[in-house]
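Trainee: here's my sequence, what's the structure:
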Amino acid sequence: MHDALFQPLTMGALEAKNRIFMAPLTRGRAADPMFVPNEMMGTYYKQRAGAGMILTEATGISTEGLGWPSAPGIWSDEQTEAWKPIVRGVQDAGGMIVLQLWHMGRIVHPYFLDGQPPFSASATKAPGEAHTPIGKQEYVTAREMTKEDIDRTVADYRRAAENAKKAGFDGVQLHGANGYLVDQFLRDGTNHRTDEYGGSPENRTRFMREVLEAIVDVWGADRVGIRLSPNGDSQGTDDSNPEATFGAAAKVCEELGLAFVELRQPGPDGTFGQTDVPQQDPVIRANYSGPLILNSDYGAQQADDDVSSGRCDAVSFGRPYISNPDLAERIKVGAHFNPNKDVPKSWYFPIPQGYIDYPTLEEEKAADAA
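Mentor: Numbering: from 1, shown residues only. Sure, this is the predicted structure:
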């Protein structure tokens with residue numbers, strides 16, 4: 001059943017055993033101390049080693065770039081060491097794990113920055129409120145990044161990539177989606193610059209290119225991917241001509257020879273509320289010849305259909321992997337999916353419940369037989 005999903009896939013130097021990938025999922029478990037991975041996270045990822053590739057939760061590259069309570073980082077030696085047993089656990093269980101590198105840009109609240117404003121491509125303000133340890137707080141207007149800020153941030157990405165390599169990851173993915181810093185540079189709704197980083201679509205991809213070049217210099221292009229979201233407003237980040245913008249971004253990915261591109265393609269119930277947005281993956285396909293991964297609101301049959309038809313090469317599942325650690329096995333045998341429980345509290349609250357207590361099929365059968 002669903003044979004297309006169980007074919008191996010080569011992405012540069014990355015060899016996936018199947019085409020059922022685990023999408024990046026922020027879960028907020030890196031508590032006590034904040035931003036340092038822990039043993040509970042190791043259990044969580046190892047449980048899901050049956051995925052063809054695990055894309056980790058978004059992981060902060062610097063103190064400036066991380067503004068989510070209890071999300072993990074990768075900028076310090078302590079964080080790097082804490083990731084090592086997590087990575088080994090997945091690999092020892094036969095899995096492949098790729099770290100997603102994250103800078104939130106204007107989405108970082110001053111709470112996390114000793115009261116200072118965040119920075120972004122331009123001096124803009126995100127709509128809505130930020131999650132902080134003291135409750136939801138209104139976003140503030142970011143300051144426009146100087147060239148010095150840009151150079152320092154590119155260097156932060158390089159250091160994070162180096163730390164990811166030290167931690168033993170199989171590769172890295174640049175988070176270029178969902179209205180975070182790279183996306184803020186890409187789209188003209190948030191990039192109002194008049195220098196070489198603004199204006200034309202090609203100029204607006206310059207920051208993304210410089211970050212990718214730094215990461216590729218550390219890893220080699222054959223172990224580097226990117227996530228993009230060419231599908232309408234995302235946390236107030238939007239574009240007047242997404243075909244031109246993301247066509248230019250895809251050309252950069254092609255020129256650099258990236259191992260894979262993942263697209264976030266949410267349906268009407270997507271996390272950030274995009275609705276009735278035309279599919280943009282043909283724009284990517286026209287400009288990037290490497291493996292394409294699609295994500296969001298997929299069921300097993302639609303995933304198999306899209307891989308079979310060649311629309312994409314793999315599908316990354318998000319929410320189904322929260323409550324189904326053995327998702328690939330369930331799809332293989334046509335079994336039911338466990339529903340998510342206590343949503344959304346269990347998604348982000350730093351407790352084991354709703355995180356590592358979902359049963360596998362074998363555990364369900366054992367419980368039924370007892």
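
Trainee: what separates the helix or strand bottoming out on mean pLDDT in the chain from the chain centre, distance-wise?
Mentor: When each helix and strand of the chain is scored by mean pLDDT, DSSP states H and E, helix 345-348 comes last, with a mean of 80. Relative to the mean C-alpha coordinate of its chain, helix 345-348 is positioned 18 Å out (Cα atoms, centre = their mean, to the nearest Å).

Trainee: what residues of stretch 26-34 count as buried?
Mentor: Thr26, Arg27, Gly28, Arg29, Ala30, Ala31, Met34 (16 or more other Cβ atoms under 10 Å). Every residue, glycine included, has its C-beta placed from N, CA and C.

Trainee: what's the answer for stretch 226-240, then?
Mentor: Going by neighbour count (16+ other Cβ under 10 Å), the buried part of stretch 226-240 is 226-239.

Trainee: stretch 128-142 now?
Mentor: In stretch 128-142, the ones that count as buried by 16+ other Cβ under 10 Å are Ala130, His131, Tyr139, Val140, Ala142.

Trainee: run the chain-centre distance for it.
Mentor: The answer for stretch 128-142 is 21 Å, by Cα atoms, centre = their mean.

Trainee: quick one: the strands in the stretch 1-150 of the chain?
Mentor: 9-11, 14-16, 20-22, 54-60, 97-102, 119-120, 129-132, 135-138, 143-144 (DSSP state E, counting those that start in this stretch).

Trainee: and for the second one, what's in contact with it?
Mentor: Contacting residues not belonging to strand 14-16 are listed as 8-10, 52-53, 96, 98, 170-171, 222-223, 259-260, 314 [Cβ atoms under 8 Å, 6 or more residues apart in numbering].

Trainee: can you rerun that using 7 Å?
Mentor: Strand 14-16 is contacted from outside by Pro8, Leu9, Gly52, Met53, Met96, Asp170, Gly171, Arg223, Ala259, Ala314, using Cβ atoms under 7 Å, 6 or more residues apart in numbering.

Trainee: which residues touch the spatially closest residue to the last one that is not a sequence neighbour?
Mentor: By that I understand Ala314. Computed as Cβ to Cβ, 6 or more residues apart in numbering, the closest residue to Ala314 that is not its neighbour in sequence is Arg19, at 3.9 Å. By Cβ under 7 Å, 6+ apart, the residues touching Arg19 are Leu5, Gln7, Leu9, Gly52, Val307, Asp313, Ala314, Val315.

Trainee: would CSV of these with pLDDT be doable?
Mentor: Shown next, in CSV, are those (pLDDT from 0 to 100):
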residue, pLDDT
Leu5, 98
Gln7, 98
Leu9, 98
Gly52, 98
Val307, 96
Asp313, 97
Ala314, 98
Val315, 97
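
Trainee: of all the residues you listed, which two lie farthest apart?
Mentor: Largest separation among these by Cβ to Cβ: Gln7 and Val315, giving 12.6 Å.

Trainee: lowest-confidence one in the buried residues of stretch 128-142?
Mentor: Least confident of the buried residues of stretch 128-142 in the model: His131, at 89.

Trainee: tell me the bridge partners for that residue.
Mentor: Lys136 (DSSP bridges).

Trainee: hang on, isn't it packed against Gly67?
Mentor: No: counting by Cβ atoms under 7 Å, His131 stays clear of Gly67, with 8.4 Å between them.

Trainee: what's in contact with stretch 239-252?
Mentor: By Cβ under 7 Å, 6+ apart, the list of residues contacting stretch 239-252 reads 186-189, 201-202, 204-205, 208-209, 212, 228, 230, 280, 283-284, 286-288.
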